[in-house]
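A.B. asks: Sharing a model that was predicted from the sequence below.
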Amino acid sequence: MTIDAIGCQKDIAKKIIEKRGDYILSLKGNQGNLFEDVKQLSDWALKNNYQEIIKEKYETNRE
């Protein structure tokens, strides 16, 4: 599922998870340091053709 900023609301994200849905949330500039950290990592990865980037996967517990 893709969704705009409204999907960042905890109640909406919780409903998606409860229905066992997968989703991606966008990150906007009003998220302070988190936005800047992700931007720096993205810029670095692009500059280095995505070499040496640590690939990690995070999932919520779906019990």
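C.D. replies: Now that the structure is in, tell me what you want to look at. Numbering: from 1, shown residues only.
A.B. asks: Name the helix or strand for I12, please.
C.D. replies: Assessed by DSSP states H and E, I12 sits inside helix 10-18.
A.B. asks: list the buried ones in that helix?
C.D. replies: A13 (16 or more other CB atoms under 10 Å). No exception for glycine: its C-beta is placed from N, CA and C like everyone else's.
A.B. asks: Next: stretch 22-37.
C.D. replies: Per 16+ other CB under 10 Å, stretch 22-37 contains no buried residues.
A.B. asks: what about it, average pLDDT?
C.D. replies: The pLDDT scores in stretch 22-37 average 80.
A.B. asks: Now do the residue nearest in space to the middle of the chain against E52, distance only.
C.D. replies: The residue lying closest to the centre of the chain (CA atoms, centre = their mean) is L25, at 5.2 Å. Here the criterion is CB to CB, to the nearest Å. By it, L25 lies 26 Å from E52.
A.B. asks: where do the helices sit along this protein?
C.D. replies: 10-18, 33-47 (DSSP state H).
A.B. asks: before we move on, back to that, what is the rounded mean pLDDT of the helix holding I12?
C.D. replies: 83.
A.B. asks: could the helices of the chain be laid out in CSV, adding distance to I3?
C.D. replies: Shown next, in CSV, are those (distance: least, CB to CB, whole Å):
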stretch, distance to I3
helix 10-18, 8
helix 33-47, 18
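A.B. asks: Am I right that G29 is in contact with V38?
C.D. replies: No. With contact defined as CB atoms under 8 Å, G29 does not reach V38; the gap is 10.6 Å.
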